[in-house]
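*Asks:* With the sequence up front, the predicted model follows.
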2 protein chains.
Amino acid sequence: MFKRALYLQVRDVLVERIAAGAWKPGAAIPNEVELAREFGVSPGTMRKALDLMEAMRLLTRRQGRGTFVNDPSSAELTARFSNVRNPDGASIVEEVKTGEVAEWAVSDVECLRLHLSKDDRVYRLSRKRLHQGRAYMIEDVSMPVALFPGLAGEQSSSPGLTELAGQYGVLLGKAEERVSVKDAPLGVAEALGIALGSPVLVLDRVVFALDGRPAEWRMGWCHISDGHYLAEMK
Amino acid sequence: MFKRALYLQVRDVLVERIAAGAWKPGAAIPNEVELAREFGVSPGTMRKALDLMEAMRLLTRRQGRGTFVNDPSSAELTARFSNVRNPDGASIVEEVKTGEVAEWAVSDVECLRLHLSKDDRVYRLSRKRLHQGRAYMIEDVSMPVALFPGLAGEQSSSPGLTELAGQYGVLLGKAEERVSVKDAPLGVAEALGIALGSPVLVLDRVVFALDGRPAEWRMGWCHISDGHYLAEMK
DNA sequence: AAGTGGTCTAGACCACTCA
DNA sequence: GAGTGGTCTAGACCACTTG
């Protein structure tokens, strides 16, 4: 018989509580000893559970103040998966134009990237990112219907992934991005205002939820004259 | 008066012990209670220090067996900073041709990337990476003389950074890589066997030691027909 | 059976924040 | 001064590996 560590069980309950919205972003949660009493575990065990949640970027603890639920749609957490940078290394301050959301049957690539079956469905939309009035990236985005049910009907122009994730109780974990160089096809070249066949960075990214389910697949075609893509490795 | 946490002080001593080679890669270190006794701290404090070192990839602990020093030149730790991948996502099995090592005065870019002063000196070398007999990347590498004193004299064809770091007691931490697209200049095009002006991925990478000092700057020009650069974000 | 790391407990005291 | 998280202690017992 397999016995899951107590601090992991405690963490999972607390994570679920945040995903369900029982504790709102920005709010303080009960202090460590109180939580330990509620769960019937020792303070050390509760502390270890909270340590893990801080590492998952769900909580922020401040000595003398308390423990707070992070806002997943905060600038910091939203920028976490955007690696396009200015020459000086700063994140690009940008304007985003989002197209309409529509529901479709999955394509083969979507099956692969989003770990779906042939008969699953996805929402698709496209975006254009501008910097100083010039388009520098266009994106095709796909999200599983299963994770964001009823998305298409609700809002014609969708907010970003992090806002959606917050609304639907999907907690985001890691992302994987495949970067390559391709010649710009016609639609891309027109949208970015560059010559047909100019080389562009192709950014093929999947964002995963904390439980490992893929939450978003995005193909980006990016033309930055002076900037770069920044990868950090630990 | 500022008091550094005990477990951090303990960790620093242990890290220094590994850097100095007092504990060899692959060897087991004393068990937790013995180490705790030696340092005059409680087992819990020693455990926290060891936890941190495991997160720094310096140690591996195995329940029932013991705690072992990681080999920094192992395949796993060496591949950590190489993000070029095959279409199937696997790391490219490769052959490397390394040029001669020579000592130079720093250039402006080296000053910037390696955090050096105008009058510091660096070792430079170049490499060519082959896959199935074809060159897919050429690299210009610079390393501070201060971190690897006497490198040029010792060996004409240098081993990789991870081996050097092991020899010189430099423990590697994180890396930052700037990725962009450029037209291949003459030397690059010739070396890679592509047309002059073909677009290539430019990989501008700095590897940092655990203490934050830059240990290596590498400019790579990479042409992969079907593969990609893989970035993971946590 | 002996030895290791992994988990869990139940406290104590310190450092910081804020009213 | 009251309340919070951060550190530290000194044990106990469990799960796993090896001889």
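*Replies:* Looks like it came in fine.

*Asks:* Residues in a beta bridge with residue A:59, which ones?
*Replies:* In this entry, residue A:59 is beta-bridged to residue A:69, by DSSP bridges.

*Asks:* I figured it hits residue A:70, correct?
*Replies:* Yes. Residue A:59 is in contact with residue A:70 according to C-beta atoms under 8 Å; the separation is 6.3 Å. Just so you know, the C-beta spots here come from the backbone N, C-alpha and C atoms, and that holds for glycine as well.

*Asks:* For the lowest-mean-pLDDT helix or strand in chain A, list the C-alpha coordinates in PDB.
*Replies:* Ranked by mean pLDDT, DSSP states H and E, the weakest helix or strand in chain A is helix A:151-154, scoring a mean of 76. Taking C-alpha atoms only, helix A:151-154 is exported to PDB below (Å, rounded to 0.1, in the frame of the first residue of the first chain):
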ATOM      1  CA  LEU A 151     -15.400  30.500 -23.900                       C
ATOM      2  CA  ALA A 152     -16.500  31.400 -27.500                       C
ATOM      3  CA  GLY A 153     -20.000  32.500 -26.500                       C
ATOM      4  CA  GLU A 154     -19.100  34.700 -23.600                       C
END
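
*Asks:* Show me which residues of that helix are buried.
*Replies:* Across helix A:151-154, burial judged by 16 or more other C-beta atoms under 10 Å in any protein chain shown covers A:151-152.

*Asks:* The nearest residue to residue A:65 once chain neighbours are set aside - how many residues pack around it?
*Replies:* Leaving aside its sequence neighbours, residue A:65 sits nearest to residue A:28 (C-beta to C-beta, 6 or more residues apart in numbering or on different chains; 7.9 Å). For residue A:28, the neighbour count with other C-beta atoms under 10 Å in any protein chain shown is 12.

*Asks:* which secondary structure element contains residue A:196?
*Replies:* Under the criterion of DSSP states H and E, residue A:196 resides outside all helices and strands.

*Asks:* Show the contacting residues for it.
*Replies:* Going by C-beta atoms under 8 Å, 6 or more residues apart in numbering or on different chains, residue A:196 touches A:184-186, A:189.

*Asks:* which phi and psi does the residue nearest to residue A:65 have?
*Replies:* Main-chain dihedrals, residue A:28, degrees, to the nearest 10: phi -90, psi 140.

*Asks:* mind checking how far the residue nearest to residue A:38 when sequence neighbours are not counted is from DNA strand D?
*Replies:* Excluding the flanking residues, the one nearest residue A:38 by C-beta to C-beta, 6+ apart is residue A:30, at 7.3 Å. Noted for residue A:30: a distance of 7 Å to DNA strand D, by C-beta to the nearest atom of the strand, to the nearest Å.

*Asks:* Let's see the pLDDT reported for residue A:30.
*Replies:* Note on residue A:30: pLDDT of 98.

*Asks:* Next, count neighbours for it.
*Replies:* Neighbourhood size, residue A:30 [other C-beta under 10 Å]: 13.

*Asks:* Can you give me the distance of it to DNA strand C?
*Replies:* Residue A:30 is 17 Å from DNA strand C, by C-beta to the nearest atom of the strand.

*Asks:* Give me the contacts around stretch A:34-44.
*Replies:* Defining contact as C-beta under 8 Å, 6+ apart, one finds that stretch A:34-44 is touched by A:6-7, A:10, A:13-14, A:29-30, A:32-33, A:45-46, A:50.

*Asks:* That one: which residues count as buried?
*Replies:* Neighbour-count burial for stretch A:34-44 flags A:35-36, A:39, A:41 (criterion: 16+ other C-beta under 10 Å).

*Asks:* Please parse chain A into its domains.
*Replies:* Using automatic domain parsing, the domain parsing of chain A gives A:6-69, A:88-229.

*Asks:* Return the member of these having the minimum mean pLDDT.
*Replies:* Among the domains of chain A, domain A:88-229 scores lowest, at a mean of 94.

*Asks:* Could you tell me the end-to-end distance of that domain?
*Replies:* End-to-end distance of domain A:88-229: 12 Å, with C-alpha to C-alpha, to the nearest Å as the criterion.

*Asks:* Would you mind naming what in chain A lies close to DNA strand C?
*Replies:* A:5-8, A:40-45, A:48, A:62-65 (C-beta under 7 Å from any atom of the strand).
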